[in-house]
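Chemist: sequence first, then the predicted structure, then my questions.
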Amino acid sequence: MSSGSSKKYKGVRQRKWGKWVSEIRVPGSPERLWLGTYATPEAAAVAHDVAFYCLRGPLSLHKLNFPDMLPSSCVQLQRSRPDMSPRSAQAAASEAGMAVDAKNVIEAEGRNNEEEEEKDSVGEEEALTVEVGEAVQNDEKVRPNEGEDDDYHQLCYQDCLLDCLEQNNDMDFCSLTCEAQCPSSLH
């Protein structure tokens with residue numbers, strides 16, 4: 001899975017600043033269930049898959065984004081509680097999506113460590129030129145400066161909070177969810 005993918009996934013959309021969000025409609029209801037904000041579209045798609053499976057059961061496997069990535073714990077949970085509540089499905093989906101994001105972060109750190117070892121063998125000035133050149137070539141976003149990080153957190157938090165509250169969730173739930181999804185450098 002690569003986050004540079006242009007593939008569209010069911011139940012996933014991208015925010016203006018690059019984060020990916022997922023939500024799903026609760027079966028038999030007009031209510032939409034907020035599943036979270038993620039760093040990659042694949043993590044958001046896995047969250048959608050887990051919620052979809054938990055709410056609709058084993059016959060929904062053919063409609064998933066990644067049927068092979070459905071956590072076995074989710075399958076067991078759905079078997080033991082076939083009438084799973086939307087909140088339980090939401091919690092399972094969020095956990096699965098965050099696990100995919102965490103795995104991607106660990107893999108990215110491993111790649112970065114390998115790249116750092118390679119750069120150590122090149123002069124500092126040459127390494128900086130290569131790094132900037134690669135970022136421009138790959139059209140990567142630059143991480144905000146220290147003061148801008150707080151602005152980014154505020155934008156992320158506000159957008160998440162508005163989306164969550166639109167789903168008729170209570171303020172405490174939305175506040176905790178958004179705080180976890182938009183970590184601040186102050187924490």
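Modeler: Received, thanks.
Chemist: doesn't Ala89 belong to a helix?
Modeler: Yes. Assignment of Ala89 by DSSP: H, G, I helix; E, B strand; the rest coil places it within a helix.
Chemist: sec struct for the nearest residue to Pro67 once chain neighbours are set aside, please.
Modeler: Excluding its sequence neighbours, the residue lying closest to Pro67 (C-beta to C-beta, 6 or more residues apart in numbering) is Leu61, at 5.0 Å. For the C-beta atoms, the positions are set from N, CA and C on the backbone; glycine is no exception. Leu61 carries the three-state label helix when classified by three-state DSSP.
Chemist: so how many other residues sit close to Leu61?
Modeler: Leu61 has 15 neighbours, counted by other C-beta atoms under 10 Å.
Chemist: which residues touch it?
Modeler: By C-beta atoms under 8 Å, 6 or more residues apart in numbering, the contact set of Leu61 is Tyr53, Pro67, Leu70.
Chemist: swap the cut-off to 10 Å and go again
Modeler: Residues counted as contacts of Leu61 (C-beta atoms under 10 Å, 6 or more residues apart in numbering) are Asp49, Phe52, Tyr53, Pro67, Asp68, Leu70, Val75.
Chemist: contacts only, for the fifth one.
Modeler: Which is Asp68. Taking C-beta under 10 Å, 6+ apart as the criterion, Asp68 is in contact with Leu61.
Chemist: quick check: domain ranges of the protein?
Modeler: In terms of domains, the chain is parsed into 12-138, 143-187 (source: automatic domain parsing).
Chemist: before we move on, the earlier item: of the contacts of Leu61, which pair is most distant in space?
Modeler: For these, the farthest-apart pair by C-beta to C-beta is Phe52 and Asp68; their separation is 14.6 Å.
Chemist: the helix or strand containing Ala51 packs against which elements?
Modeler: For Ala51, the host element (DSSP states H and E) is helix 41-56. Here helix 41-56 touches strand 12-14, strand 20-25, strand 32-38, helix 72-80, helix 86-120, going by 3 or more C-beta pairs under 10 Å, 6 or more residues apart in numbering; DSSP states H and E.
Chemist: and those, which one is worst for confidence?
Modeler: Across the helices and strands packed on helix 41-56, helix 72-80 has the smallest mean pLDDT, namely a mean of 78.
Chemist: just the buried residues of it, please?
Modeler: Using 16 or more other C-beta atoms under 10 Å as the test for burial, helix 72-80 gives Cys74, Leu77, Gln78.
Chemist: find the nearest non-adjacent residue to the second one, please.
Modeler: In this case it means Leu77. Leaving out its chain neighbours, the residue that sits closest to Leu77 by C-beta to C-beta, 6+ apart is Ala92, at 6.3 Å.
Chemist: wait, that neighbour touches Ser73, no?
Modeler: Yes. Taking contacts as C-beta atoms under 10 Å, Ala92 lies within contact range of Ser73: 7.9 Å.
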